[in-house]
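In: what would the 3D arrangement of this be:
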Amino acid sequence: MGTVRKSSWRQFLPYLALNVVVSAITMLIVLAIWQGVSGGRAAASTPTPDVLARVASFLPTATATLPPSPTPVTYTVKDGDTLSSIARAHGISLDELMSANGLRDPNRIAVGQVLVIPILGGAEGEPTATPRTGPQYPTATEPSGGESQGVVIHGIEGIGDLERERVRILNEGGEINLAGWMMDDGEGSIYVFPSLRFRTVGMIVVHTKEGEDTVIDLYWGLDEPMWAPGKVITLRDDTGEVQSTLQIPDA
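Out: Numbers count the residues shown, from 1 in each chain. A predicted model of the protein is given here:
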């Protein structure tokens, strides 16, 4: 009979060693593959400059808010004033002052004449109107017919005093010829404007008394005061459409 030889554990050492080596190599391969995949994902998730630029293009851009247009500043000519001295006092040039009021002769102004002072810039320290005595009435209502051409009743002075009584008319639009325009008191008294080129951002004055018309002073030609508290001044264009009204407040 033959004999059976028992296996020794030493016989399995080569196989165990080989198994350890194969396992180690497999683990290294798996780790290398995993790092490559993770690195690729991280790189893919990083935004490129081109993507950032496209995203930035969709963001809203802040824009500056423009300030509202300022209220016109006026000045009443006093004894001893000249156009040059008025311009210097308000920090503007003589040409700017003459252009704003439609003036051609720098030596032709009258005491009591109302001048429009063009406002430049809008920074702190901007010139303001010189206070005037007597009540000043602003335009009471908006134009009520057709399209406004920018010519409005700016105010009235000297109510009840023939020598001082006058209505201020302001042009806030483009240049226009006032020929055929009318101003009335609602009680049958009508003033018809002569042919007069009314320049942009300028002012003219309609005096109640008699006088010689100029480019900025017009005269109704009456021998007694025209206006009184409670009356309504109406300005109409050459088609009869109302452009501006002002009701004189009760005293």
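
In: all the strands of the stretch 101-250 of the chain, residue numbers only.
Out: Using DSSP state E, counting those that start in this stretch, the strands found in the stretch 101-250 of the chain span residues 114-117, 151-157, 166-171, 176-177, 182-184, 190-192, 197-198, 202-207, 217-219, 232-236, 242-247.

In: residues making contact with the fourth one?
Out: Surrounding strand 176-177, the residues in contact under the criterion Cβ atoms under 8 Å, 6 or more residues apart in numbering are Q149, G150, V151, S195, L196, R197, F198. Every residue, glycine included, has its C-beta placed from N, CA and C.

In: I'd like to know how far the last one sits from I153.
Out: The reference is to F198. Per Cβ to Cβ, to the nearest Å, F198 is found 13 Å from I153.

In: now swap in the fifth one and tell me
Out: L196 sits at a distance of 16 Å from I153 (criterion: Cβ to Cβ).

In: which strand residues bridge I190?
Out: D184 (DSSP bridges).

In: pretty sure it is touching G180, no?
Out: No - applying Cβ atoms under 8 Å, one finds I190 not in contact with G180, separated by 11.9 Å.

In: list the contacts for E187?
Out: Counting by Cβ under 8 Å, 6+ apart, E187 has contacts K231.

In: and for F198 and I153, which residues touch both?
Out: Listed as contacting both F198 and I153 by Cβ under 8 Å, 6+ apart are I169.

In: re the thing from before, so which of L196 and I153 has more stuff around it?
Out: More crowded of L196 and I153, by other Cβ atoms under 10 Å: I153, with 23 against 18.

In: that one contacts V167, correct?
Out: Yes - taking contacts as Cβ under 8 Å, I153 lies within contact range of V167: 6.5 Å.

In: what touches both of the two?
Out: Among the neighbours of I153, those also in contact with V167 (Cβ under 8 Å, 6+ apart) are I233.

In: all helices of the chain, in order?
Out: With helices called from DSSP state H, the chain shows them at 13-45, 49-57, 83-89, 94-100.

In: could you tell me the least trusted of the ones you listed?
Out: Among the helices of the chain, helix 49-57 carries the lowest mean pLDDT, at a mean of 54.

In: what's the closest non-adjacent residue to G102?
Out: Excluding the flanking residues, the one nearest G102 by Cβ to Cβ, 6 or more residues apart in numbering is R199, at 4.0 Å.

In: what about that neighbour, neighbour count?
Out: 19.

In: in stretch 225-233, what's buried?
Out: P225, M226, W227, K231, I233 (16 or more other Cβ atoms under 10 Å).

In: from those residues, pick the one nearest G91.
Out: Comparing these against G91 with Cβ to Cβ places I233 closest, at 33.2 Å.

In: give me the nearest residue to that closest one, chain neighbours excluded.
Out: Per Cβ to Cβ, 6+ apart, closest to I233 is L246, 4.7 Å.

In: please report how far that neighbour lies from W227.
Out: Distance, L246 to W227, using Cβ to Cβ: 10 Å.

In: hey, which helix or strand in this protein has the poorest pLDDT?
Out: Within the chain, no helix or strand scores below helix 49-57, which has a mean of 54 by mean pLDDT, DSSP states H and E.

In: ok, so of the buried residues of stretch 225-233, who is nearest E241?
Out: Once Cβ to Cβ is applied, the member of these that ends up nearest E241 is I233, at 15.7 Å.

In: and the pLDDT at the closest one?
Out: Predicted confidence (pLDDT) for I233: 95.

In: who's in contact with it?
Out: I233 makes contact with I153, I156, V167, M183, D184, D185, W227, T245, L246, Q247, I248, according to Cβ under 8 Å, 6+ apart.

In: quick check on those residues: which are buried?
Out: For the contacts of I233, a neighbour count by 16+ other Cβ under 10 Å gives the buried set as I153, I156, V167, M183, D185, W227, T245, L246, Q247, I248.
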